[in-house]
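Q: heads up, no residue letters with this:
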């Protein structure tokens, strides 16, 4: 790669990272300054202030679903971060999942994406046996959209089902009621191991005073109905009450400082070491143009400790790179798409980002080896799909692709996926897309996720629409066809954008490339909480 090309890539990536930081800043403002001031006037901390006070000082925190609901629910004024802050952090030295309702966003009401985000937090906690802390401050289900959040399997009620399942698994759950906690939502803290409440601002009941009046004609105020004194001293629903947010959060810190030890998975870790090659070079190595080539080896050398990478079958199946390395001290198996054109020993040219039969076969065997050795798997995605055409079909590309998908899907070791560039079609699946249960999946600002690339998809959709118009007897001019193509292309490109994916929780976050090592390291540390008790078995694979 020339210096000019590197500099162009670097400038483009810096602009994308600046855009990422700007978006994160807007999201951090929640429901705006006016609503934030209302919280403070009530003596309450904001959701992000609660999280910041709770976690250990100068410790790492990774936020899950920060872009959830981005660009959605605009008819209701939007719902930044889906009205809830979720992330993995450290409390009294113990890694845990934290879920904090943001009452500045529609009083913390639950939108459909709020429910999906809470379920993702619980899923991560269950997979990794992470203790979970709920900081409750919510007005309950957002009634105008109740049909999209209330009755189905993956809707609101699943959260309380998960509370019960986690309890049976021995996963610690601690809840602090720091504001409203109403109706079905009241079960979440009370199904936790310990529930505390903040005096004067916290309240918990199945029905508020207005509903009680309408239902049974009783006149009662909310504080008498379900305030801290009522629920801690009369009903015994909550375990303790505290004078303010900080006192409740201090009690949680105290609980976590006395937790017992846990059985670990036992993933191998040595003292972390920095990469030899400068990680900041990642900005210049990866092109903003998803069709351009680059050498994925150079990316790997800037992610792994000391730049040491023990490559597996380096001369065979070169469109996928496999190898063992350490990331922040953790031993890992890496499966990465090669983005440059490579030439085989037979003189054949292999397109970058495409999975060929030999590459799929190699990757399948490597994934099996990593399971045998109990090595967490890291997938670096920049894939346009599997190779097509008569030669590939005759060579059994579907069969070899199925081997790779089978080996990956049945993995018992934890999987972590980083979407660097393209993530298209069956390539997304084979490289451990969201459907294949990665413990964490994140994208760089250059990520694109879809059935196929924007250009190919738009031309396909255009052909379908033009054929439909012609079938109705309508003549379309070249100018109209060009305008239609642009409209389709713009719409499709919006849908493959990483923020579109993050808004719908297809990925857990859009991250600065320089944070990649931190996400992988914290993810493996979380996974180490959950011993592997299942034997690796890939089932039936055609040979």
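A: Now that the structure is in, tell me what you want to look at. The model shown is predicted, which means the values in this text are computed figures rather than measured ones. Numbering: from 1, shown residues only.
Q: who's in contact with the closest residue in space to residue 339 that isn't next to it in sequence?
A: In space, and not counting its chain neighbours, residue 339 is closest to residue 352: 4.3 Å by C-beta to C-beta, 6 or more residues apart in numbering. Bear in mind the C-beta positions are built from the backbone N, C-alpha and C, glycine included. Contacts of residue 352 were listed using C-beta atoms under 8 Å, 6 or more residues apart in numbering, and they are 293, 319, 337, 338, 339, 340, 341, 342.
Q: equivalent analysis for residue 271, please.
A: residue 329.
Q: list phi and psi for it.
A: The phi and psi torsions at residue 271 (degrees, to the nearest 10) take the values phi -60, psi 130.
Q: hang on, residue 534 packs against residue 410?
A: No - when contacts are counted by C-beta atoms under 8 Å, residue 534 is not listed as touching residue 410 (9.6 Å).
Q: remind me, longest helix of this protein?
A: The helix of greatest length in the chain, counted in residues with DSSP state H as the criterion, is given as helix 3-28.
Q: distance from the chain centre to whatever helix or strand comes next after that one, please.
A: In the C-terminal direction, the helix or strand that comes right after helix 3-28 (DSSP states H and E) is helix 33-41. Shown here is helix 33-41, whose average C-alpha point lies 29 Å from the average C-alpha point of the whole chain (C-alpha atoms, centre = their mean, to the nearest Å).
Q: please apply the same query to stretch 257-272.
A: In terms of C-alpha atoms, centre = their mean, the centre of stretch 257-272 is found 23 Å from the chain centre.
Q: return the distance of the helix or strand hosting residue 449 from the chain's centre.
A: Using DSSP H and E, residue 449 sits in strand 448-450. Remark: strand 448-450 is offset 15 Å from the chain centroid, using C-alpha atoms, centre = their mean.
Q: let's test this: mean pLDDT of stretch 335-353, rounded?
A: Stretch 335-353 carries an average pLDDT of 83.
Q: then stretch 247-266?
A: Taken as a whole, stretch 247-266 has an average pLDDT of 96.
Q: and it, how far apart are its ends?
A: Stretch 247-266 has its terminal residues 36 Å apart, counting by C-alpha to C-alpha, to the nearest Å.
Q: buried set for it?
A: Using 16 or more other C-beta atoms under 10 Å as the test for burial, stretch 247-266 gives 248, 249, 251, 252, 255, 256, 265.
Q: which stretches of this protein have low pLDDT?
A: 454-455, 540-543 (pLDDT under 70).
Q: as a quick check, tell me the outermost residue of it.
A: In terms of distance from the mean C-alpha position of the chain, residue 473 ranks first, at 47.2 Å (C-alpha atoms, centre = their mean).
Q: contacting residues for that residue?
A: With contacts defined as C-beta under 8 Å, 6+ apart, residue 473 is in contact with no residue.
Q: check which helix or strand covers the residue nearest to residue 339.
A: When elements are assigned from DSSP H and E, residue 352 belongs to no helix and no strand.
Q: going forward, the N-terminal residue is numbered 379.
A: Noted, 379 is the first residue going forward, which turns the last one into residue 730.
Q: show me where the stretch 629-778 of the chain has its helices.
A: Listed in chain order, the helices found in the stretch 629-778 of the chain under DSSP state H, counting those that start in this stretch are 660-663, 674-679, 735-751, 768-772, 775-787.
Q: now the stretch 429-578 of the chain
A: In chain order, the stretch 429-578 of the chain shows helices spanning 490-506, 535-547, 565-568, with DSSP H, counting those that start in this stretch as the criterion.
Q: how far away from the center of its chain is the last one?
A: When you say that, I think you mean helix 565-568. Using C-alpha atoms, centre = their mean, the distance between the centre of helix 565-568 and that of its chain works out at 25 Å.
Q: great, nothing more from me.
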